[in-house]
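Novice: Show me the folded form of this:
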Amino acid sequence: MSDPKPLVALNAAGIPAALRTMPQWVGWQIKPPQKPGDKLGKVPINPHTGKAGSSTNAKTWGTLPDALQRMERDHLPGVGFVFTDSGYFGVDLDHCRDAATGVIEPWAMEIVEKLDTYTEISPSGTGLHLIGRGAAGARTGSRCTTPAASSRSPASRSRTRVPT
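Specialist: Sure thing, here's the model as predicted:
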């Protein structure tokens, strides 16, 4: 069975040059839900070997071109950026965008405008990913409830975000 493709295609050209050269990239593949009601997961793939990668082992990461080559070679759905102590942070805004119309919830637009950083549509088409320089100010993987009862999670260390 081949992995389902994201609803939003990867736009590698839109990724900022400063991120493109960092050796913090992996491919990713879909991990089926473990039990009913679970969401699909994303498993990091080592761009050099095609085997399982790790968000905590830099030896399993590569450059963006490495990850893009692996994505194409193995027909992976996409690539991901691994957050470390490199000075970049990531924010994942879930359920804030209508995939059909492209309309973004006001609470999410407020965050995007305030952070004023690289922002992309998530692979599902229903969320946003933000990547910027600085410290996220919250522990890795923490979740905050938004006014719309959706979630956002900052990532600053040992966490992979999936660019689109």
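Novice: so where's the chain shaky on pLDDT?
Specialist: For the chain, applying pLDDT under 70 flags the ranges 1-7, 135-164.
Novice: quick one, strands of it?
Specialist: 25-31, 41-45, 78-83, 88-93, 118-121, 128-133, 144-145, 151-155, 159-161 (DSSP state E).
Novice: nearest to Gly14, of the ones you listed?
Specialist: strand 118-121 (6.8 Å; CB to CB). (C-beta placed from N, C-alpha, C; glycine too.)
Novice: who's in contact with the closest one?
Specialist: 8, 11, 14-16, 19, 97, 112, 127-132, 163-164 (CB atoms under 8 Å, 6 or more residues apart in numbering).
Novice: still on that earlier bit, please convert the strands of the chain to TSV, extending it with mean neighbour count and distance to Ala108.
Specialist: Formatted as TSV, these follow (neighbours: other CB atoms under 10 Å; distance: least, CB to CB, whole Å):
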stretch	mean neighbour count	distance to Ala108
strand 25-31	23	23
strand 41-45	19	21
strand 78-83	25	20
strand 88-93	24	5
strand 118-121	19	10
strand 128-133	19	6
strand 144-145	10	12
strand 151-155	20	8
strand 159-161	22	16
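Novice: Just put the ones you listed in a markdown table and tack on distance to Trp107.
Specialist: Converted to a markdown table, the strands of the chain look like this (distance: least, CB to CB, whole Å):
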| stretch | distance to Trp107 |
| --- | --- |
| strand 25-31 | 28 |
| strand 41-45 | 25 |
| strand 78-83 | 23 |
| strand 88-93 | 9 |
| strand 118-121 | 14 |
| strand 128-133 | 11 |
| strand 144-145 | 11 |
| strand 151-155 | 9 |
| strand 159-161 | 20 |
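Novice: With Gln29 as the reference, measure out to the residue of the chain most remote from its centre.
Specialist: Within the chain, Pro36 marks the point farthest from the mean C-alpha position, 23.9 Å out by CA atoms, centre = their mean. In this structure, Pro36 and Gln29 are 21 Å apart, going by CB to CB, to the nearest Å.
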